[in-house]
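Visitor: Need a 3D model of the following:
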Amino acid sequence: MSLPVVLRRKAQAEFDEALDWYERQQAGLGVEFADHVQAVFDRISATPEMHAVVYRDVRKALVRQFPYSVFYRIRADRVVVLTVFHNKRNPNIWKSRA
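Guide: Purely as a prediction, here's the structure:
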C-alpha cells in the first residue's frame, strides 16, 4: 500500500527554488530535476521504509543525477518530506527541522 507524500512548506519552497535555478542554467534541466525528485517521491510513497534512518526517525533518499537528497518521516497515513536538500549544505540546517 502506498502512502501519500506531503511536503512541508519549506520543503516545497526549496524544491521550487532548485527547479528554477536548474531551469535558468539550461532550458529543460529544471524539468529533468523535477522528474528525478518526483521519482524519489514515487519510491518513498510505494516503499517508505526502503531508505535508512539517518537522524532520529528521519530517512534520507538520494536524488539520482543531482546533488540533492530528500529527507522524510513516515507517519501512519502519509510520508512527510522535511526538505529537498542540496548535499553540499550544512546538515545542521535540515536537522534543526527534524
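Visitor: So what's the predicted local confidence for Met1?
Guide: Among the per-residue scores, Met1 shows a pLDDT of 72.
Visitor: what do you get for Arg89?
Guide: For Arg89, pLDDT reads 79.
Visitor: cool, and the one 4 residues further on?
Guide: For Ile93, the model assigns a pLDDT of 69.
Visitor: So for the one helix or strand Val54 maps to, mean pLDDT?
Guide: Using DSSP states H and E, Val54 maps to strand 53-55. Averaging pLDDT along strand 53-55 yields 94.
Visitor: Return the list of strands paired to that strand, each annotated with direction.
Guide: When pairing is defined by DSSP bridges, strand 53-55 lines up against strand 58-62 (antiparallel).
Visitor: quick one: contacts of the partner strand?
Guide: 40, 43-44, 48-54, 68-74, 82, 98 (CB atoms under 8 Å, 6 or more residues apart in numbering). Every C-beta, even on glycine, is put in place using the N, C-alpha and C of the backbone.
Visitor: Give me the buried stretch members for it, please.
Guide: With burial defined by 16 or more other CB atoms under 10 Å, the residues of strand 58-62 counted as buried are 58-61.
Visitor: Tell me where the model's unsure across this protein.
Guide: Within the chain, the stretches with pLDDT under 70 are 93-98.
Visitor: okay, which residue is most central for it?
Guide: Geometric centre of the chain, nearest residue: Val70, 2.5 Å, by CA atoms, centre = their mean.
Visitor: so which helix or strand takes in that residue?
Guide: With DSSP H and E as criterion, Val70 is part of strand 68-74.
Visitor: residues making contact with that strand?
Guide: By CB under 8 Å, 6+ apart, strand 68-74 touches 3, 5, 18, 33, 37, 40-41, 44, 48-49, 54, 57-63, 79-87, 94, 98.
Visitor: From those, list the buried ones, please.
Guide: 3, 5, 18, 33, 37, 40-41, 44, 48, 58-61, 63, 79-86, 94.
Visitor: Which members of those occur in strands, if any?
Guide: Under the assignment DSSP state E, these contribute 5, 58-61, 79-86 to strands.
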